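Chemist: mind looking at a prediction? Sequence and model below.
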Amino acid sequence: MSTMSFLQTSLLTHRQRVLRLYKAVVKNERSWYSDRDEWRFRAVVMRDRFEKNRNVHDLVKAQALLAQGELELEKNRHPNPLQYPNCPGGVAYGREPISPDWVMDTWHPMEKAQFPDYFAKRAALKKDHIEWYVKKYGLTKYNPEEEGHPHEIHDIDAHH
């Protein structure tokens, strides 16, 4: 029984299951030992345990060793595993908000000059979007024609 994933989407080879078990064991050891030297020592000892059984060619015995290893991992799993802050499950995961598109309009022209291709493509996309919007929804009180200005796509940087 593999406990590495809730939803199994493909069949894993024996080798893949062993590698995933090894990775999970080393991560679990990292949770138990905050001192890096102690953790590395434990990881080397664990690697030696895996290496001793590397050349087991009897599939029944190999499956039994894998099942025993998975049970041992579950028995020794840390109750509060180490999570890196910006990784899923970490305390800072998803805290950095995604900036809205209009923030790019506030960039100084010298900043925009560092990415000329990007901002040229962005200006063309904005022009296309405004034309699509006017074509689909027509004039609204937010359109320039309503305020007496001729409808043109103004260059945002003209006033900078």
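Modeler: Looks like it arrived, so ask away.
Chemist: distance between the longest helix anywhere in the chain and the chain's centre?
Modeler: Looking across the chain with DSSP state H, the single longest helix is helix 116-137. Mean C-alpha position of helix 116-137 versus that of the full chain (Cα atoms, centre = their mean, to the nearest Å) differs by 30 Å.
Chemist: so which bits of that helix are buried?
Modeler: Buried residues in helix 116-137, counting neighbours by 16 or more other Cβ atoms under 10 Å, are found at 119, 122. C-betas here are computed from N, CA, C, even on glycine.
Chemist: do the same with stretch 97-108
Modeler: Within stretch 97-108, the residues that count as buried by 16+ other Cβ under 10 Å are 104, 107.
Chemist: end to end, how far does that stretch reach?
Modeler: End-to-end distance for stretch 97-108, by Cα to Cα, to the nearest Å: 22 Å.
Chemist: count of residues packed around V26?
Modeler: For V26, the tally of surrounding residues (other Cβ atoms under 10 Å) stands at 16.
Chemist: okay, now the residue lying closest to H78 once chain neighbours are set aside: neighbour count?
Modeler: Using Cβ to Cβ, 6 or more residues apart in numbering and skipping residues adjacent in sequence, the residue nearest H78 is S31, 3.7 Å away. S31 has 15 neighbours, counted by other Cβ under 10 Å.
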